[in-house]
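> Show me the folded form of this:
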Amino acid sequence: MVRALLCYKLDEETTALGLMFLSAILFSAMGIFVKLAAESGISPFQLVFMRAASQGVVVLGGLFYCRVPTWFGEHPMRIWIITRGFVGGICFCFYFTTISLLPIGDAISLSSLYPIVTVITARLMLNEPLSVLKTMAIILSAVGAFLVAQPSFLSDKGEDEQNHRHPYAWVGYLTAMGGSVLGGLLFTIVRKAKEAHLLNLLWSWTVGSTFISLTFALTVAELRLPQGFTWIYVLLMCTLGTLAHFMMNYAGQRAPAGPSALLRSSDVLFAYLWEFLIFKNSINGMTIGGVGLICLGIGLVAYSKYLDRKKKAKTRSLRDLVTESTSDSETVEMERVLRFERPRRDGFVRVRSQDSMLSSSLTELLDNEEALKKTCSLPGIEEEGVSSSP
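You can find the predicted model right below:
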């Protein structure tokens, strides 16, 4: 049994969805270290810049090692690759800003609303079907995300906790909503650029994020050098984020946009688990209910995937059957032509040939008769005939 499991090969889309799910775990862990680093006094834009710079070194080495001819892709995909880079850079700036300004529960729950936008844009731009199961999964996951995170604007929290809110928390809510909209669009853009090289997508994100984050860091924030233990937060943030980013881009090119975004949004569940294990937060009934809804949403995605695969297999079988029937009909028709039509056609040709020969003979006979008549009507021949008569 172990050998069978080791030898079992997953198809490309299933593997991509699994990598997307794993990237959600790593992204949720990255969010914890982003929060810790931001509480240490590092601006979110500087954190994005450090993330992009560290990932850029890895991507640059990959471009040279793989000898990728063009860093921003070939001409048909170039516009989507460049757009993906700048949209991804803005999304990361929004995401890091949301985490630094809001409680981590509020930040993650509001940043996980992008599957709704993804399904809509995938329907409009990629023609992907919007089934009832996917709609139910999106609704359940969104509700579960709110219940797990328990945002302060939905639950009655104490006055002391309300007083400890960041004075610019309203900016965090705006960046969370804006990041959800752009994040939903981002998955569709990555799907559009599915023929592009993975390193092209990562390099475009590096360039876009570096340019945008550095611009904001020098204008609306100030740069600070991390001190002491903050360097460990930054190092873990960069490492986990780079691994998750590679997995997300690879999976985003090969998996359907709707299920990809939904599995990616499951980082709400894991972020809460990290908070429970690290910060020792208590669990209540609302949290358990939210976890159950998210798991149910993921289960619906898996069941929808099973139905899609079953439908494709049935369609492929019908197509093969039609092709086989068509081949058999063509074979029977060819045999009929060889057996009946060709002899009939050959006989017709032989009859026509005999008629032509007979017609030629009659024509030649008539020509000879005409020549004989002309010969008998000559004057010399006629007088000779008279004089020799008795």
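
> wait, doesn't Ala38 sit right on Thr97?
No: with contacts counted by Cβ atoms under 8 Å, Ala38 stays clear of Thr97, the gap being 9.1 Å. Using the backbone N, CA and C atoms, a C-beta is placed for each residue, glycine as well.

> shared neighbours of those two, anything?
Residues touching both Ala38 and Thr97 by Cβ atoms under 8 Å, 6 or more residues apart in numbering: Pro44.

> So for those two, which residue has more residues nearby?
Counted by other Cβ atoms under 10 Å, Ala38 and Thr97 do not tie: Thr97 has more neighbours, with 27 against 20.

> May I ask which helix or strand encompasses that one?
Assigned by DSSP states H and E, Thr97 belongs to helix 75-101.

> How confident is the prediction for the closest residue in space to Ala176 that isn't next to it in sequence, by pLDDT?
Take Ala176 and drop its neighbours on the chain: the residue closest to it by Cβ to Cβ, 6 or more residues apart in numbering is Leu110, 3.6 Å away. pLDDT recorded at Leu110 is 76.

> State the distance from Leu110 to Val181.
Separation of Leu110 from Val181 (Cβ to Cβ, to the nearest Å): 11 Å.

> More neighbours: the two, which one.
Of the pair Leu110 and Val181, Leu110 is the one with more neighbours under other Cβ under 10 Å, namely 23 against 16.

> Spit out the contact partners of Glu48.
One thing to correct before we go on: residue 48 is Val, not Glu. Val48 neighbours (Cβ under 8 Å, 6+ apart): Gly89, Phe92, Cys93, Phe96, Ser209, Ile212, Ser213.

> Mind putting these into JSON lines with neighbour count, distance to Glu74 and pLDDT?
Compiled in JSON lines, those are given as follows (neighbours: other Cβ atoms under 10 Å; distance: Cβ to Cβ, whole Å; pLDDT from 0 to 100):
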{"residue": "Gly89", "neighbour count": "24", "distance to Glu74": "22", "pLDDT": "92"}
{"residue": "Phe92", "neighbour count": "26", "distance to Glu74": "26", "pLDDT": "90"}
{"residue": "Cys93", "neighbour count": "24", "distance to Glu74": "28", "pLDDT": "93"}
{"residue": "Phe96", "neighbour count": "29", "distance to Glu74": "32", "pLDDT": "93"}
{"residue": "Ser209", "neighbour count": "25", "distance to Glu74": "22", "pLDDT": "93"}
{"residue": "Ile212", "neighbour count": "22", "distance to Glu74": "25", "pLDDT": "94"}
{"residue": "Ser213", "neighbour count": "27", "distance to Glu74": "27", "pLDDT": "93"}
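
> Tell me the one of these nearest Met77?
Nearest to Met77, judged by Cβ to Cβ, of the contacts of Val48 is Gly89 at 18.4 Å.

> correct me, but the closest one touches Gly208?
Yes: counting by Cβ under 8 Å, Gly208 is a contact partner of Gly89 at 3.7 Å.

> Check which residues of stretch 56-63 are buried.
Gly56, Val58, Val59, Gly62, Leu63 (16 or more other Cβ atoms under 10 Å).
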